[in-house]
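J.: sequence plus the predicted model coming up.
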Amino acid sequence: MHLGNGIICPMTAIPMFALAAAGGYYAFKKAKSEFSKEKFFYTIALTCLVFALQMINFAIPQTGSSGHIIGTLLLSILLGPYVAFLSICVILTVQAIFFADGGILALGSNVFNMGVLACFVAYPFIYKPLKNINKPFLATVLACIVALQLGSLAAVFEGAVSGAIALNKIFEFAALMQVIHLPIGLIEGIFSAVLVSVVKNLNHKKVASIFVLMSLVLAGIVSQYASQKPDGLEWSLLNIQNSIIPQIQGKIYLFSEAIQNKTSILANFESISANIAGLLIVSVVMFLLCLCVDFKKEAKLNAR
């Protein structure tokens, strides 16, 4: 669901960046209520796991498409929605800057589609009410499905507003996106529900170690066997390819492309080396972010 620069025009990108930034500011202010020093390593390890999970595309039978786990609901359930939002922001930013996976110009849209809607809509309005009536498995599955459906609709809307999708193909594009992301959301929901049920009663340090091992195995081994079929967004775009109007004009687009061409150094690395390097970058950025959240929390406690 990672939108590229050519789908989002600057007039759409700028307000989406503003929304993403507002979400980040809000999440950072609230994250101290969910965070503690005991969760430092656990938070970093889980963020790395989700980053690695996004490398693994699985084929969707009978479609010619593939999908991968987004992981934002998993982060929200295990870390809380505010820390989860910061984590997915780090993941998407590292992907865009170092891997050219998702456009820098489209980063605000991608953060909104895969972060804001999952953390601040699907989690509080779908997951929590069902979890509160003791239906955690159903809550996780349904919330993942809703998060992906909302995210795919948002991507359609942003593409349409940007002028990248011909007006007579908007409803067809929306239908394709909804249909293909339904099984992806179902698979993600089942995986997330099973993982949460396995780790929920385990010690955080032990779980963090398991997450680190899983991340290394996924990034270093399993990723080599990931499906090469187009993902849900790419598949949907291919089905309307004659009705796509690339948004590749203007100084802002050219500037974002020039920056991304210079920063996306890992896109040219051998895949295993790039994946491991990506994990290291995510780890360092999350470590620094956790330090900032913890410092803010300590400063507020000392002020009292």
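T.: Done, it's in. Given the structure is predicted, the values throughout are model-derived calculations rather than measurements.
J.: CA atoms for contacts and neighbours, from now on please.
T.: Will do.
J.: just the C-alphas of stretch 115-124, formatted as PDB.
T.: Backbone C-alpha positions of stretch 115-124 (Å, rounded to 0.1, in the frame of the first residue of the first chain) are rendered in PDB as follows:
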ATOM      1  CA  GLY A 115      -0.600   4.800  10.700                       C
ATOM      2  CA  VAL A 116      -3.300   7.300  11.600                       C
ATOM      3  CA  LEU A 117      -6.300   5.200  10.400                       C
ATOM      4  CA  ALA A 118      -5.000   2.100  12.200                       C
ATOM      5  CA  CYS A 119      -3.900   3.600  15.400                       C
ATOM      6  CA  PHE A 120      -6.600   6.300  15.900                       C
ATOM      7  CA  VAL A 121      -9.600   4.800  14.100                       C
ATOM      8  CA  ALA A 122      -9.400   1.000  13.800                       C
ATOM      9  CA  TYR A 123      -7.800   0.400  17.200                       C
ATOM     10  CA  PRO A 124     -10.000   2.600  19.500                       C
END
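J.: now it: average pLDDT?
T.: Rounded to a whole number, the mean pLDDT of stretch 115-124 is 98.
J.: got it, and stretch 255-266?
T.: In this model, stretch 255-266 carries a mean pLDDT of 96.
J.: list the buried residues in it.
T.: Under the neighbour-count criterion of 16 or more other C-alpha atoms under 10 Å, stretch 255-266 has 257, 260, 264, 266 buried.
J.: Serialize those to JSON lines and add fields for distance to residue 220 and secondary structure.
T.: Listed next are the buried residues of stretch 255-266 as JSON lines, based on distance: C-alpha to C-alpha, whole Å; DSSP: H, G, I helix; E, B strand; the rest coil:
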{"residue": "257", "distance to residue 220": "29", "secondary structure": "helix"}
{"residue": "260", "distance to residue 220": "25", "secondary structure": "helix"}
{"residue": "264", "distance to residue 220": "20", "secondary structure": "coil"}
{"residue": "266", "distance to residue 220": "15", "secondary structure": "helix"}
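J.: from those, pick the one nearest residue 213.
T.: Closest approach between those and residue 213, by C-alpha to C-alpha: residue 266, at 21.8 Å.
J.: and the closest one, how far from residue 279?
T.: Remark: distance between residue 266 and residue 279 (C-alpha to C-alpha, to the nearest Å) = 12 Å.
J.: got TSV for the buried residues of stretch 255-266, with distance to residue 31 too?
T.: As requested, those are arranged in TSV below (distance: C-alpha to C-alpha, whole Å):
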residue	distance to residue 31
257	33
260	30
264	30
266	30
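J.: and those, which two are the farthest apart?
T.: Put simply, by C-alpha to C-alpha the two of these set farthest apart are 257 and 266, 15.7 Å from each other.
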